[in-house]
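Chemist: Next one to model:
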Amino acid sequence: MAMITKQGKLAKGIYSATVVLLVALILVVGNFVVSRVLAQIDLTRDRQFTISKATREVLRGLDDVVTIKVYFSKKLPPNLATLRRNIDDVLRGYQAYSHGKVRVEYVDPSEKPEEEQKLRYLGIPQIQLNVLEKDQLQVINGYMGIAILYADRHQSIPVVQDVNTLEYDLTAGILQVLSKDKRVIGYLNGNGAPDLNKEYEALGRLLSQTYEIQPVDLANGGQAVPDRVNTLIVARPQSIPPREQWQIDQYIMRGGRVMFMCDPIKLNEQMGLMNPMPVTSGLEDLLASYGVKTQRALVQDRINENAGFSQGYMRYSTPYPFWPKIMGKALSDKNPITSRLDALVLPWTAPLEIAASQSDTSFGGSPTGQPNVKATILARSSPQAWLQKGRFDLTPPNPFQQMQRPVEKGQSYPLAVALVGRFHSYFAGKPVPAAADSVAAAPAAKTIEDSPETQVIVVGSSQFANSNFLSMFPGNQNFILNAIDWMTLGDKLISIRSRGAIDRPLKLTSATGKAVFKYANTFGVAILVAVFGYVRFNMRRRARRNAAAPHAA
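Modeler: Below is the predicted model:
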């Protein structure tokens, strides 16, 4: 009997050991297979952690090997370990979807001194990192950059601090190294334009990551916009002379693309928000001929952002109707610039009007005064907006008075418009404007009257793109970069960048609705507990009565 028991125990032991070994083998084989197969479940809205369709198309189009070198030091602070794993996950996706055309290499420059010289050439700097070791805080030198290499061309991401924009940076870098010539963004200087090294410093820095930026000086109309400029930015134009208008018009007639950002006012630096000066761009008739009229007014909107103000030693924040917040259905889903954008803030903006099509309020392409040009309203105010005309007063109104403004008097106004098509010149059939005295010797010019297929964007504000607003509102940054990409590169990169700007604001509700929500949160749980206790008490009392009934009988 004892022998049978021992044999049973031995059989059970062998069986258990076999099961454990099989499970371990399955785990090892499964881990090996999964490590080489890209499989994940992404439950986020818009699939935030999945390689985008635009990137997959770029990777499928590779006809040669692109090398991505990750220059990360092995000795990094523990808090960066997650970052390293996230970067690995993204790069595995690139390798999988490229079918071997993307090669990833990891290099620790501290182990290969010869690599440090290459990093200087690639533009990847050495950075200082804080490391806690043996209860002591130490400062070490390290690297956290990525280089994209193809043939004799390279593009670098100097420092990778998170993966929020990594896919965009990698795909933009791949497109850049595949292109022999870097695309050029022109920036019109003079005539009141913001300084790219000061007010627009952040925008210049962002654009320079993908494009070459070339300042454009029209020299009072004596110089043309260079042909190498792919897209021209005209920011805060003021009193543009006719000859320069003609040069801008002729650039469009040659197939150039232009983004106009026209302010209705100029803030007084000494007076702050008091007595702003009305601004005349000089481009009003030119833009109207293309299909968009700029109105001399300021838009105020009940759907707005808070702004901070100082009063004596106190600083406070209040809803500011001169900063309309455009979101949801107020952003066009017909154009890739705004189709994936969550929110945009346009401060001190002018309302726009689509010429010859004022009754058409759809977001689709609507006719303009030009038969071969279609207009798309990219952004519009909410239906609860109104205008301020004449003498402008930008001081913040009383919040109570603002909320009590009758909603039925509001109206929705276009704030940003995209024009696409073949434009007819504003100067067709007119004499070429005379050059200024300083360029009187300029050669005689002839007007090009019609353009090939091209694009023009008009926005009623330039303030939204300055460094302060780009840092406060990520949607502003995405909007202007999407617009430049759309005109310069097409829509390949837009869907990637726009996934990073997610805004989930609470819907505006009435005072009664707020009160109901407040008291429901305050007393609702207590009332539910009391009701549950009362119901439970009655059920138990009824059960006791039923149990006692037979005994009573």
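Chemist: next helix or strand past the helix or strand encompassing residue 421?
Modeler: Assigned by DSSP states H and E, residue 421 belongs to strand 414-424. With elements assigned by DSSP H and E, the helix or strand that comes after strand 414-424 is strand 450-459.
Chemist: Mind giving me the packing neighbours of that next one?
Modeler: Where contact means 3 or more Cβ pairs under 8 Å, 6 or more residues apart in numbering; DSSP states H and E, strand 450-459 is packed against helix 242-253, strand 257-261, strand 414-424, helix 474-488. Heads up, the C-betas are built off the backbone N, CA and C, glycines and all.
Chemist: Show me which positions of the very next helix or strand once past the shortest one end up buried.
Modeler: Think strand 257-261. Scanning forward in sequence from strand 257-261 by DSSP H and E, the next helix or strand is strand 265-268. Within strand 265-268, the residues that count as buried by 16 or more other Cβ atoms under 10 Å are 265, 267.
Chemist: C-alpha coordinates for strand 265-268, CSV please?
Modeler: Provided in CSV are the C-alpha atoms of strand 265-268 (Å, rounded to 0.1, in the frame of the first residue of the first chain):
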residue,chain,number,x,y,z
ILE,A,265,-5.6,96.7,-35.0
LYS,A,266,-2.1,97.4,-33.5
LEU,A,267,-1.7,97.4,-29.8
ASN,A,268,-0.2,100.5,-28.2
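Chemist: ok now the following helix or strand past that strand, how far from the chain's centre?
Modeler: Using DSSP H and E, the next helix or strand after strand 265-268 towards the C-terminus is strand 272-278. Its chain's C-alpha centre and that of strand 272-278 lie 30 Å apart, by Cα atoms, centre = their mean, to the nearest Å.
Chemist: elements contacting strand 272-278?
Modeler: Packing contacts for strand 272-278, counted by 3+ Cβ pairs under 8 Å, 6+ apart, involve strand 265-268.
Chemist: Please name every helix or strand in contact with the strand it packs on.
Modeler: Other elements packing on strand 265-268 under the criterion 3+ Cβ pairs under 8 Å, 6+ apart are strand 272-278.
Chemist: quick one: residue 164 and residue 496, what's the gap?
Modeler: When distance is defined by Cβ to Cβ, to the nearest Å, residue 164 is 11 Å away from residue 496.
Chemist: Those two: which is more packed in?
Modeler: Taking neighbours as other Cβ atoms under 10 Å, residue 164 and residue 496 compare with residue 496 leading, 24 against 14.
Chemist: Surely the more buried one touches residue 169?
Modeler: No: counting by Cβ atoms under 8 Å, residue 496 does not reach residue 169; the two are 9.4 Å apart.
Chemist: What is the three-state secondary structure of the closest residue to residue 479 other than its chain neighbours?
Modeler: Among residues not flanking residue 479 along the chain, residue 344 sits closest, at 5.1 Å (Cβ to Cβ, 6 or more residues apart in numbering). Here residue 344 is strand, with the state taken from DSSP: H, G, I helix; E, B strand; the rest coil.
Chemist: Residue 344: neighbour count?
Modeler: 26.
Chemist: confidence score at it?
Modeler: Residue 344 is assigned 94 on the pLDDT scale.
Chemist: Count the neighbours of residue 526 for me.
Modeler: Using other Cβ under 10 Å: residue 526 sits among 9 other residues.
Chemist: Next up, identify which helix or strand the nearest residue to residue 308 once chain neighbours are set aside is on.
Modeler: Leaving aside its sequence neighbours, residue 308 sits nearest to residue 317 (Cβ to Cβ, 6+ apart; 5.0 Å). Element membership for residue 317, per DSSP H and E: strand 314-327.
Chemist: CA-only coordinates of that strand, as CSV, when you get a sec.
Modeler: Below are the C-alpha coordinates for strand 314-327, written out as CSV (Å, rounded to 0.1, in the frame of the first residue of the first chain):
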residue,chain,number,x,y,z
MET,A,314,-3.4,92.0,-8.0
ARG,A,315,-3.4,89.6,-11.0
TYR,A,316,-6.6,87.9,-12.0
SER,A,317,-7.9,85.7,-14.8
THR,A,318,-11.2,86.2,-16.5
PRO,A,319,-13.1,85.1,-19.7
TYR,A,320,-12.0,87.4,-22.5
PRO,A,321,-14.3,87.7,-25.5
PHE,A,322,-11.6,89.2,-27.7
TRP,A,323,-9.9,85.8,-27.6
PRO,A,324,-12.4,83.6,-29.4
LYS,A,325,-11.9,79.8,-28.9
ILE,A,326,-12.8,77.9,-32.1
MET,A,327,-13.4,74.2,-31.5
